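K.L.:
what follows is a predicted protein model with its sequence.
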Amino acid sequence: MAHAHRSSGASGYLENHANYAAQCEHWAKLAYALPPMDTITLDISAVHEGGACKKGHGVPIGNIHKGKRDVNVRINAPGLC
């Protein structure tokens with residue numbers, strides 16, 4: 001059976017063999033590339049001073065911790081509310 005596609009190169013090699021090295025490099029780059037980022041996760045922590053001081057005690061300190069998942073990377077600050 002004769003092959004329909006023959007290269008002008010070495011016998012037994014098709015045109016695709018000439019592209020093998022370039023294809024390997026292309027797929028290797030894709031394998032290690034990060035996926036496109038459409039969403040992010042925000043993790044926000046803040047420390048704040050509490051209410052009025054009690055006699056003999058220091059300023060009360062509080063913590064706020066908020067998280068938000070799947071936030072569009074193109075969102076503006078008002079859109080986070």
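P.N.:
Arrived safely. In this text the structure is predicted, and so the values were computed from the model without any measurement.
K.L.:
roughly how far apart are the residue most central in space within the chain and residue 28?
P.N.:
Centroid-nearest residue in the chain, with Cα atoms, centre = their mean: residue 37, separated by 4.6 Å. Separation of residue 37 from residue 28 (Cβ to Cβ, to the nearest Å): 21 Å. All C-beta atoms are positioned from the backbone trio N, CA, C, and that covers glycine.
K.L.:
could you pull out the buried residues of the one helix or strand residue 31 maps to?
P.N.:
Using DSSP states H and E, residue 31 sits within helix 20-32. Going by neighbour count (16 or more other Cβ atoms under 10 Å), nothing in helix 20-32 comes out as buried.
K.L.:
so which elements touch the very next helix or strand once past it?
P.N.:
Using DSSP H and E, the helix or strand that follows helix 20-32 in sequence is strand 39-49. In terms of contacts (3 or more Cβ pairs under 8 Å, 6 or more residues apart in numbering; DSSP states H and E), strand 39-49 is packed against strand 61-72.
K.L.:
got the contact list for the strand it packs on?
P.N.:
Identification of contacts with strand 61-72 by Cβ atoms under 8 Å, 6 or more residues apart in numbering yields 38-50, 79-80.
K.L.:
cool, stretch 33-45 as well?
P.N.:
So stretch 33-45 is contacted by 63-73, 80 (Cβ under 8 Å, 6+ apart).
K.L.:
and if we set it to 10 Å?
P.N.:
Under the criterion Cβ atoms under 10 Å, 6 or more residues apart in numbering, residues 63-75, 80 lie in contact with stretch 33-45.
K.L.:
quick one: that stretch to chain centroid distance?
P.N.:
The chain centre lies 6 Å from the centre of stretch 33-45; the measure is Cα atoms, centre = their mean, to the nearest Å.
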